[in-house]
Each structure stands twice: as structure tokens, then as C-alpha cells.
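Participant: Make a model of this:
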Amino acid sequence: MSEVVVTKDDQASINLFGRLNNRYHEASNELASLKKKLEDLEEASNEIMISDEDNTKYLLGEVFVRVENDEADELIDNETERSKAEIEKLHEEMNQAKSKMEELKVVLYAKFGNNINLEED
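Facilitator: Numbers count the residues shown, from 1 in each chain. Presented below is the predicted three-dimensional model:
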């Protein structure tokens, strides 16, 4: 087998692939967490609707405060919108990373063939 020379640019491409791959997985974990948060917000909203109380406890930071149900609904709606926007942002970031990773795979596999492994287990 002949040895393949790894240039500085090749190493930079390999490093970029690694960073993109790590960020892709971090974003995937963040996405799962945000989806769980959306489910929790939906459940909280439903609980407020069926509640006989005029006010409810709402977690602000590390403290629960009593707020009117209408205000709690508004706070939940605002948090839901922020979470949905963050989910959209993460999807876009993941798509861009995946696209760039695919481009790098083509280039790196063309040069290194079976001498490099860019596939995940």
C-alpha cells in the first residue's frame, strides 16, 4: 500500500469535519431537550385550563410565584414561541452542518479512500 500524504489543508478539513460532527450531536441533544420542554409547556397549559383556581404557581428562575391564570397562559405562550424559534434555529444549524459534512466526506474519501473513517457507529 502506498502512503497518502496529509497536507495542512487536509488536516484542517478533517478537523472541521470533527467540529461540525460534534456540534451536530450537541444540537441534536439540545433539540431533544427543547422538544421535551415544549411537551411540558403544553401539559402546564392544559393543567391551567382545567384548574379551578384563579391563580397558579409559576416558576421564575429558581422561585415559584403566584400569577393569575391568564398571565400564566401568556408566559407559557411566550416561552413556547421562544422554544419553537430555537428549535427552528437548531434545525437550520443541523442541516447546514450535515450539508458541509457531506461535502467534506466526498473530498476526504476521494483523497484517502479506506484510510479514513468518517462514518459513525
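Participant: Tell me, please, the helix or strand in the chain that averages the lowest pLDDT.
Facilitator: strand 55-60 (a mean of 91; mean pLDDT, DSSP states H and E).
Participant: which other helices and strands contact it?
Facilitator: The helices and strands touching strand 55-60, judged by 3 or more C-beta pairs under 8 Å, 6 or more residues apart in numbering; DSSP states H and E, are strand 63-68, helix 69-112. From N, CA and C alone the C-beta is placed, and that goes for glycine too.
Participant: Could you list the low-pLDDT ranges of this protein?
Facilitator: Scanning the chain for pLDDT under 70 picks out 1-2, 121.
Participant: Can you give the distance of whatever helix or strand Arg19 lives in from its chain's centre?
Facilitator: Element membership of Arg19 [criterion: DSSP states H and E] is helix 8-50. Averaged C-alpha coordinates place helix 8-50 at 2 Å from its chain's average position (C-alpha atoms, centre = their mean, to the nearest Å).
Participant: partner strands of the least confident helix or strand of the chain, parallel or antiparallel?
Facilitator: Strand pairing for strand 55-60, using DSSP bridges, gives strand 63-68 (antiparallel).
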